[in-house]
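K.L.:
model this:
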Amino acid sequence: MAKQFENNMEECFSTSKGVFYLKSLSLEDNGSVSQVIKKRIEAINDENQESEEGDAFFVADIGVIKRQHKKWKTVLPRIEPFYAVKSNPEPLVLKTLANLGTGFDCASKDEIQRILDLSVDPSRIVFAQTTKQISFLRHAQKHKVKLMTFDNEDELYKIKHKYPGAELLLRIQTDKIKGSVNFGMKFGASLDSTKPLLQLAKALGLNIIGVSYHAGCLIAEPRAYRDALEHARSVFDEAKELGYDMNLVDVGGGFPATMEAGITFEVIASRLSQAVDDMFPKDVRVIAEPGRFYSTNAFTLCTQIISRRVVSTEGDSDPTFMYYINDGIFGSFRTLDFGYIHPVLKVLRKNQEIQDDWSGEKVYTSSIWGPTCSPDDFVAKETKLPKLESGDWIIWEKMGSYTSPASSEFNGIPKPKVYFTET
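P.N.:
Numbering: from 1, shown residues only. Sure, this is the predicted structure:
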């Protein structure tokens, strides 16, 4: 195991941005996630005899990512996964997926370069950004990253001028599909504008090879995935009338790691797979842009209670507790309000095991606050917890997506380091 991590360390070091992440990569961690968590906390306590306060940290299980990939290939064999780098760009995550043969959804020059530095062929990258900075477009051309999306006239003129040899995907809106994140507010051509865009592209001599869309997140109705594909199919037919022979459809992201909105990934995959086969012949290539599916369950965040405030109440009522932890809304919980993360809370008290069930003990109304000076830095305004002490730890599972990448170091609070294991 240690040798495996050592090899990954050397490979990650070759990446252009790897130096910023190698500091977080431990080569000595082995065992289950719980074992690694306890080991790290013991180390913090040993190093800080006068204070049990340590920085927050992640423990990541690469084995989870590998098992998710196996699940994808089993239930969606026709659809090629292009991992959304933005969800979690940790070098060891990217390298693992590169070795597994996935493609990559990149949205910037930096993301493209990270993947190229892993010796991934440019054909395994989709530049899935409909509004591209010119320097990013030039970078894509220089490195032969041809596949990219667009959704407006200005982008077509830009591509004609800077990268006429690109292979284009027309991104369309799926407004009737309601998810927690409405991508149609910002991205995608309306269905009544697709024909004029196709006509303009034809006049400019540009090569449109397919259609792209993102159905949304937290979709409660499986039928929505078929509806989105029907929109894509109509644009395929429209393009054929204009002389285009499209051969690729990108069904986007939003795939849950397990279950969301009462629907499992397997149910979504079954409906989507059937719809693809019903609407597109086998010679049409189908790709997707999963991010959260791969990384969400692989990362666990460990935060320490650095202070506690007891709020007294009148009469015989129980007190309430305010717990202050060493990560917050300006850090790993940055996207909490956007619905991008749905962490599962556990606790680790001194000399005890990690606990997720306190039904047999007294609980108190509690709130959880981040470490900064901002009054808006709260993680949970009201929750029920057993009585905890300063120095205890609150453990957050399902924290692998849109956490560290979206975080800042506001007030000088450092980003959590990452310690890897593989189960």
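
K.L.:
in the stretch 251-400 of the chain, where is pLDDT below threshold?
P.N.:
Filtered on pLDDT under 70, the stretch 251-400 of the chain yields the residue ranges 260-261, 314-316.

K.L.:
can you map out the helices along it?
P.N.:
265-279, 292-295 (DSSP state H, counting those that start in this stretch).

K.L.:
okay if I get the ones you listed as JSON lines plus mean neighbour count and distance to residue 109?
P.N.:
In this view, the C-beta of every residue, glycine as well, is placed from N, C-alpha and C. Shown next, in JSON lines, are the helices of the stretch 251-400 of the chain (neighbours: other Cβ atoms under 10 Å; distance: least, Cβ to Cβ, whole Å):
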{"stretch": "helix 265-279", "mean neighbour count": "17", "distance to residue 109": "31"}
{"stretch": "helix 292-295", "mean neighbour count": "28", "distance to residue 109": "22"}
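
K.L.:
and those helices: which comes nearest residue 254?
P.N.:
Residue 254 lies closest, by Cβ to Cβ, to one member of the helices of the stretch 251-400 of the chain: helix 292-295, at 7.9 Å.

K.L.:
that closest one packs against which elements?
P.N.:
Helices and strands touching helix 292-295, as assessed by 3 or more Cβ pairs under 8 Å, 6 or more residues apart in numbering; DSSP states H and E, comprise helix 62-75, strand 79-84, helix 91-100.

K.L.:
nearest residue to the middle of this structure?
P.N.:
residue 87 (2.5 Å; Cα atoms, centre = their mean).

K.L.:
show me what contacts it?
P.N.:
291-292, 294-295, 400-402, 405 (Cβ atoms under 8 Å, 6 or more residues apart in numbering).

K.L.:
quick revisit: could the helices of the stretch 251-400 of the chain be laid out in CSV, adding distance to residue 423?
P.N.:
Formatted as CSV, those follow (distance: least, Cβ to Cβ, whole Å):
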stretch, distance to residue 423
helix 265-279, 20
helix 292-295, 16
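
K.L.:
and the contacts of residue 87 as TSV, adding distance to residue 226?
P.N.:
What follows is those, written out as TSV (distance: Cβ to Cβ, whole Å):
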residue	distance to residue 226
291	22
292	21
294	24
295	27
400	29
401	25
402	27
405	31
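
K.L.:
for those, name the two members farthest from one another.
P.N.:
294 and 405 (13.7 Å).

K.L.:
now do the shared contacts for these two.
P.N.:
With Cβ under 8 Å, 6+ apart as the test, residue 294 and residue 405 both reach 87-88.

K.L.:
biggest strand in the protein by residues?
P.N.:
strand 299-311 (DSSP state E).

K.L.:
buried ones in it?
P.N.:
Buried residues in strand 299-311, defined by neighbour count with 16 or more other Cβ atoms under 10 Å: 299-306, 308.

K.L.:
looking at those residues, which one is closest to residue 173?
P.N.:
Nearest to residue 173 among these, with distances taken as Cβ to Cβ, is residue 299, at 31.7 Å.

K.L.:
quick one: that closest one and residue 399 touch, right?
P.N.:
Yes - between residue 299 and residue 399 there is a contact under Cβ atoms under 8 Å: 5.0 Å.

K.L.:
what do the two both touch?
P.N.:
Joint contacts of residue 299 and residue 399 (Cβ under 8 Å, 6+ apart) are residue 58.

K.L.:
helices of the stretch 51-200 of the chain, start to end?
P.N.:
62-75, 91-100, 109-116, 134-142, 153-162, 194-204.

K.L.:
now those helices as TSV including mean pLDDT?
P.N.:
Below are these laid out as TSV (pLDDT from 0 to 100):
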stretch	mean pLDDT
helix 62-75	97
helix 91-100	97
helix 109-116	98
helix 134-142	97
helix 153-162	97
helix 194-204	97
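
K.L.:
could you dump these to CSV with distance to residue 170 and mean neighbour count?
P.N.:
Shown next, in CSV, are the helices of the stretch 51-200 of the chain (distance: least, Cβ to Cβ, whole Å; neighbours: other Cβ atoms under 10 Å):
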stretch, distance to residue 170, mean neighbour count
helix 62-75, 25, 18
helix 91-100, 27, 22
helix 109-116, 21, 21
helix 134-142, 17, 17
helix 153-162, 10, 16
helix 194-204, 6, 16
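
K.L.:
format those as TSV; extra columns: distance to residue 390.
P.N.:
Shown next, in TSV, are the helices of the stretch 51-200 of the chain (distance: least, Cβ to Cβ, whole Å):
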stretch	distance to residue 390
helix 62-75	32
helix 91-100	33
helix 109-116	39
helix 134-142	47
helix 153-162	53
helix 194-204	58
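
K.L.:
can you give me the domain assignment for the protein?
P.N.:
If you go by automatic domain parsing, the domain ranges for the chain are 2-61+297-421, 63-295.

K.L.:
and these, which is most packed in?
P.N.:
domain 63-295 (a mean of 19; mean count of other Cβ atoms under 10 Å).

K.L.:
what's the first-to-last distance across it?
P.N.:
11 Å (Cα to Cα, to the nearest Å).
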